[in-house]
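> quick one: sequence plus predicted model below, questions after.
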Amino acid sequence: MELSKTYTFSQSVVLSPLLAVLAIWAVFWAEVRFGINLNEYGIYPRTVSGLKGVVLSPFIHGSVEHLYNNTVPLAVLSSFLFYFYREAAFRVLLLGVLLSGLITWLIGRPSYHIGASGLIYVLSSFIFFKGIFAKHYRLVALSLVVVFIYGSMIWYIFPIKEDISWEGHLAGFVTGLLLALTIRVKIPQERKYEWEREDYSEDNDPFLKHFDENGNFIENKEEEGEDIVEVRYHYRTDKKE
């Protein structure tokens with residue numbers, strides 16, 4: 001697959017992050033507007049009723065600060081996902097939400113776990129590890145960008161703050177790693193010049209044939225299998241009487 005056909009801008013790069021951000025803000029607006037609390041629709045570990053939060057919890061946030069802290073990373077990382085891994089983007093999102101939610105349901109504390117931070121950890125982990133595994137220079141550079149911007153997030157997979165669902169963060173991080181290992185993506189092939197190919201030989205190079213081993217230009221060299229066409233010009237001078 002050629003590089004130019006792989007990394008091309010499409011509407012999904014803008015629309016998908018926009019829809020995701022609008023969804024979480026719309027749910028929060030509805031809570032404030034109608035005076036309701038949807039925390040009970042979050043993940044409550046090891047209970048049957050808490051399983052509904054596996055799908056619903058990413059849309060629910062406890063405060064404006066919580067919502068704002070998740071908005072920018074969700075928009076940026078999902079844009080990266082749809083630009084560089086377009087064919088696998090929806091699988092990563094769907095499997096990321098389900099698998100990270102189930103892991104949180106298994107290991108979490110007996111409390112409601114809400115927010116899109118688990119999905120954010122899925123995206124950052126997937127993009128980082130996939131770029132490293134792919135060994136493609138652009139994807140590796142993207143991995144380094146993710147580390148530079150969101151590298152400090154790694155500390156929050158540990159229980160350093162009581163009111164933060166570190167279990168959800170850890171579940172997202174592990175899920176992203178697993179998806180990077182299992183989901184296959186097409187790595188673009190760089191266009192190579194003729195002299196970069198493994199079967200390249202200077203003896204068959206049509207340009208180098210015109211030079212000797214010392215780099216001197218060979219004039220009037222007749223190449224095997226080639227016809228030499230000689231063109232003669234005749235001039236006629238008309239004398240006026």
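The structure has been received and is ready for your questions.
> moving C-terminal from the worst-scoring helix or strand of the chain on mean pLDDT, which element do we reach first?
Ranked by mean pLDDT, DSSP states H and E, the helix or strand of the chain with the weakest confidence is helix 3-6, at a mean of 51. Heading C-terminal from helix 3-6, the first helix or strand you meet, by DSSP states H and E, is helix 12-34.
> could you dump that next one to PDB, C-alpha only?
Output of helix 12-34 as PDB, limited to C-alpha atoms (Å, rounded to 0.1, in the frame of the first residue of the first chain):
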ATOM      1  CA  SER A  12     -14.000  10.700   9.900                       C
ATOM      2  CA  VAL A  13     -10.900  12.400  11.300                       C
ATOM      3  CA  VAL A  14     -13.100  15.400  12.300                       C
ATOM      4  CA  LEU A  15     -16.600  13.900  12.600                       C
ATOM      5  CA  SER A  16     -15.800  11.000  14.900                       C
ATOM      6  CA  PRO A  17     -14.000  13.100  17.600                       C
ATOM      7  CA  LEU A  18     -16.700  15.700  17.300                       C
ATOM      8  CA  LEU A  19     -19.500  13.200  17.800                       C
ATOM      9  CA  ALA A  20     -17.700  11.600  20.800                       C
ATOM     10  CA  VAL A  21     -17.300  15.000  22.400                       C
ATOM     11  CA  LEU A  22     -20.800  16.100  21.700                       C
ATOM     12  CA  ALA A  23     -22.200  12.800  23.200                       C
ATOM     13  CA  ILE A  24     -20.400  13.200  26.600                       C
ATOM     14  CA  TRP A  25     -21.300  16.900  26.800                       C
ATOM     15  CA  ALA A  26     -25.000  16.200  25.800                       C
ATOM     16  CA  VAL A  27     -25.300  13.700  28.600                       C
ATOM     17  CA  PHE A  28     -23.800  16.000  31.200                       C
ATOM     18  CA  TRP A  29     -26.100  18.900  29.900                       C
ATOM     19  CA  ALA A  30     -29.100  16.600  30.400                       C
ATOM     20  CA  GLU A  31     -28.100  15.800  34.000                       C
ATOM     21  CA  VAL A  32     -27.800  19.500  34.800                       C
ATOM     22  CA  ARG A  33     -30.800  20.700  32.800                       C
ATOM     23  CA  PHE A  34     -33.200  18.100  34.300                       C
END
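> so which bits of that helix are buried?
Neighbour counts using 16 or more other CB atoms under 10 Å place 12-13, 16-17, 20-21, 24, 27-28, 31 of helix 12-34 among the buried residues. Any C-beta I mention is one placed from the backbone N, CA and C, and that applies to glycine too.
> what's the answer for stretch 129-140, then?
129-131, 133-134, 136, 138-139.
> now do it: distance from first to last residue.
9 Å (CA to CA, to the nearest Å).
> quick one: contacts of that stretch?
Stretch 129-140 is touched from outside by 7, 84-85, 141-143, 146, 176-177, 180-181, 183, 185, 187-188, with contacts defined as CB atoms under 8 Å, 6 or more residues apart in numbering.
> pLDDT on stretch 99-106, on average?
Averaging pLDDT along stretch 99-106 gives 98.
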